[in-house]
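**Student:** here you go, sequence then predicted model.
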Amino acid sequence: MADKKAQLRLHKRIATGLFLAMAVVYLSMVYFLKHTPMSWMGYVKAFSEAAMVGALADWFAVTALFRHPMGIKIPHTNLIENKKNDIGDNLGNFVTDNFLTPTSIRPYINKLEVATFLSNWLKQPKSQQLIEREVGFLIQTILTDLDEKRVIDFLSQKAQQGLDQIQWQQLIAQGLQFAIDQNEPNRLMTLVLPKIQVYVEEHRTEIYDQIIEKKPLLGLIGGKTVTNQLIKGLQAFLADIEQDEQHKVRQEISLQLHQLAQDIASSPTWKSKIRETIHQFITEDILNQYLTDFWNSSKQAILQQLEAVDSPLRAYIRQAIQSVAKSLEQDRELQQRLNQWTQVTLYRLALRNTQEVGTLIRTTVDQWDGRELSDKLELEVGKDLQFIRINGTLVGGLVGLLIYCITQFL
């Protein structure tokens, strides 16, 4: 900023100095033409006179852009400050109409190779480490900032919806039918029947006592003999069931179980019973407590994994980043799709917001201070504008000299 101000002052002095030099030459020629006139002096006088006119005209033109010449509020001067809003409007329209057209935008967007840029960037270890840190930080921030109550309420709501959507009747009925089809009831009976026989044999006395208690008269007419015969018959019956897999008792049990499976699958009563049973065991309080414990333990585990550099989670994130980088480098189809998607998206976005860009330029310029804008523009281009004054001085002098020469020869 200081260098630009110094250069502007220097070039102003050069342009002004050249004007003053022409004025000195002009006055000198006027004086000498009166006292010691010579033929060549008229040419010098014509040159210097026209040079002063050109210098003053260009000084006025350049100064009128940024301020009132000599502080006099001449119409159409101090243009930048007075026309600031018009400049913003014209600049916005100029950019919109000339730079943000489909013809102007498409060639540049078609040259974009986002996939190549991303691939080269992702291959660098520093980039991968940066992404790993940012992903870890993002996950940590999300987990830390989440409202636990809202999370639990959300999970509880989804869990309740999930429980209600499960077809418990069909699930239980299909499970029971699968067990029947796999002959599980027969295997269970084969396993249980020998134990029942052993139990009956080991508890003869208790069985006799139960019979006598129910039928006291049997004790007077040989109750033990009757009981022994009854137990032998029962054991023989159980042995027949155990040894014969096609026994009618086995078939009856399988038939009853099959009927039970059908009833469970179709009966509204069973549906109501099953739902009531589930809600008795899985109450809202139990579910909330379970989900709270699950959330807290999961959250703490994830945070600990993120803190440890060599944790499985951090290793998974690194592997995922490396996998993306490798795929982006080797998969030509992916590169083409990414480039095409980026180009189409940017092209549509640019065309959709061309007017917004113009509005942004106009609004931004309108918010600037007019005096400050004028000073800044003068600082940026004022040095070059001083060459207009210099050129105007020299060109004006040459034109004046040419006119003088023509008048001398006519």
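**Tutor:** The structure has been received and is ready for your questions.

**Student:** which elements pack onto the longest helix anywhere in the chain?
**Tutor:** Using DSSP state H to define each element, the chain has its longest helix at helix 370-409. With contacts taken as 3 or more Cβ pairs under 8 Å, 6 or more residues apart in numbering; DSSP states H and E, helix 370-409 sits against helix 2-35, helix 39-66, helix 79-82. Placement of C-beta: from N, CA and C, glycine included.

**Student:** that helix to helix 2-35, inter-axis angle?
**Tutor:** 30 degrees (axes from the mean of the first three to the mean of the last three Cα atoms, to 10 degrees).

**Student:** how far does helix 370-409 sit from its chain's centre?
**Tutor:** 55 Å (Cα atoms, centre = their mean, to the nearest Å).

**Student:** just stretch 262-271 next, same as before
**Tutor:** 49 Å.

**Student:** now do the buried residues in that stretch.
**Tutor:** Buried residues in stretch 262-271, counting neighbours by 16 or more other Cβ atoms under 10 Å, are found at I264, A265, W270.

**Student:** for it, which outside residues touch it?
**Tutor:** Stretch 262-271 is touched from outside by W168, Q169, Q170, I172, A173, Q174, L176, I274, with contacts defined as Cβ atoms under 8 Å, 6 or more residues apart in numbering.

**Student:** ditto for stretch 154-163
**Tutor:** Against stretch 154-163 from outside (Cβ under 8 Å, 6+ apart): I278, I282, E284, L287, N288, L291, W295.

**Student:** got the CA coordinates for that stretch in PDB?
**Tutor:** C-alpha atoms of stretch 154-163 as PDB (Å, rounded to 0.1, in the frame of the first residue of the first chain):
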ATOM      1  CA  PHE A 154     -35.500 -42.200  19.200                       C
ATOM      2  CA  LEU A 155     -34.000 -45.600  19.700                       C
ATOM      3  CA  SER A 156     -36.800 -46.700  22.000                       C
ATOM      4  CA  GLN A 157     -39.400 -45.500  19.500                       C
ATOM      5  CA  LYS A 158     -37.700 -47.400  16.700                       C
ATOM      6  CA  ALA A 159     -37.300 -50.500  18.900                       C
ATOM      7  CA  GLN A 160     -41.000 -50.400  19.800                       C
ATOM      8  CA  GLN A 161     -42.000 -50.000  16.200                       C
ATOM      9  CA  GLY A 162     -39.600 -52.900  15.300                       C
ATOM     10  CA  LEU A 163     -41.100 -55.100  17.900                       C
END
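
**Student:** what mean pLDDT would you report for that stretch?
**Tutor:** Averaging pLDDT along stretch 154-163 yields 80.

**Student:** same deal with stretch 54-61?
**Tutor:** For stretch 54-61, the mean confidence score works out to 86.

**Student:** which SS state does M70 fall under?
**Tutor:** helix (DSSP: H, G, I helix; E, B strand; the rest coil).

**Student:** what's the spacing between it and L56?
**Tutor:** Using Cβ to Cβ, to the nearest Å, M70 is found at 11 Å from L56.

**Student:** pLDDT below threshold where in the stretch 51-200 of the chain?
**Tutor:** 79-81, 83-84 (pLDDT under 70).

**Student:** before we move on, back to that, now tabulate the contacts of stretch 154-163 in a markdown table and tack on neighbour count.
**Tutor:** As requested, the contacts of stretch 154-163 are exported to a markdown table (neighbours: other Cβ atoms under 10 Å):
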| residue | neighbour count |
| --- | --- |
| I278 | 14 |
| I282 | 14 |
| E284 | 11 |
| L287 | 16 |
| N288 | 16 |
| L291 | 18 |
| W295 | 16 |
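
**Student:** what is the nearest of those to T345?
**Tutor:** W295 (37.4 Å; Cβ to Cβ).

**Student:** shouldn't that closest one be in contact with E148?
**Tutor:** Yes. The pair W295 / E148 is scored as a contact, 6.9 Å apart, by Cβ atoms under 8 Å.

**Student:** overlap in contacts of those two?
**Tutor:** Joint contacts of W295 and E148 (Cβ under 8 Å, 6+ apart) do not exist.

**Student:** surely L8 is in contact with E378?
**Tutor:** Yes. Contact criterion Cβ under 8 Å: L8 and E378 qualify, at 7.2 Å.

**Student:** can I get stretch 385-403 in PDB, CA atoms only?
**Tutor:** The C-alpha coordinates for stretch 385-403 follow below in PDB (Å, rounded to 0.1, in the frame of the first residue of the first chain):
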ATOM      1  CA  LEU A 385      -3.500   7.200 -15.700                       C
ATOM      2  CA  GLN A 386      -0.700   9.700 -15.200                       C
ATOM      3  CA  PHE A 387       0.800   8.400 -18.400                       C
ATOM      4  CA  ILE A 388      -2.300   9.700 -20.100                       C
ATOM      5  CA  ARG A 389      -1.300  13.200 -18.800                       C
ATOM      6  CA  ILE A 390       2.300  12.700 -20.000                       C
ATOM      7  CA  ASN A 391       1.100  11.300 -23.400                       C
ATOM      8  CA  GLY A 392      -1.400  14.100 -23.700                       C
ATOM      9  CA  THR A 393       1.300  16.700 -23.100                       C
ATOM     10  CA  LEU A 394       3.600  15.200 -25.800                       C
ATOM     11  CA  VAL A 395       0.800  14.300 -28.300                       C
ATOM     12  CA  GLY A 396      -0.800  17.700 -27.800                       C
ATOM     13  CA  GLY A 397       2.600  19.400 -28.400                       C
ATOM     14  CA  LEU A 398       3.200  17.400 -31.600                       C
ATOM     15  CA  VAL A 399      -0.300  18.100 -32.900                       C
ATOM     16  CA  GLY A 400       0.200  21.800 -32.200                       C
ATOM     17  CA  LEU A 401       3.500  21.700 -34.000                       C
ATOM     18  CA  LEU A 402       2.000  19.900 -36.900                       C
ATOM     19  CA  ILE A 403      -0.800  22.500 -37.200                       C
END
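
**Student:** contact partners of that stretch?
**Tutor:** 8, 11-12, 14-15, 18-19, 22, 43, 46-55, 57-59, 61-62, 65, 378.

**Student:** for L91, grab phi and psi.
**Tutor:** phi -70, psi -40 (degrees, to the nearest 10).

**Student:** do you know how far it is from N78?
**Tutor:** Taking Cβ to Cβ, one finds L91 at 18 Å from N78.

**Student:** count the residues that sit near M189.
**Tutor:** 19 (other Cβ atoms under 10 Å).

**Student:** which non-adjacent residue is nearest it?
**Tutor:** Using Cβ to Cβ, 6 or more residues apart in numbering and skipping the chain neighbours, the partner closest in space to M189 is R250 (6.2 Å).
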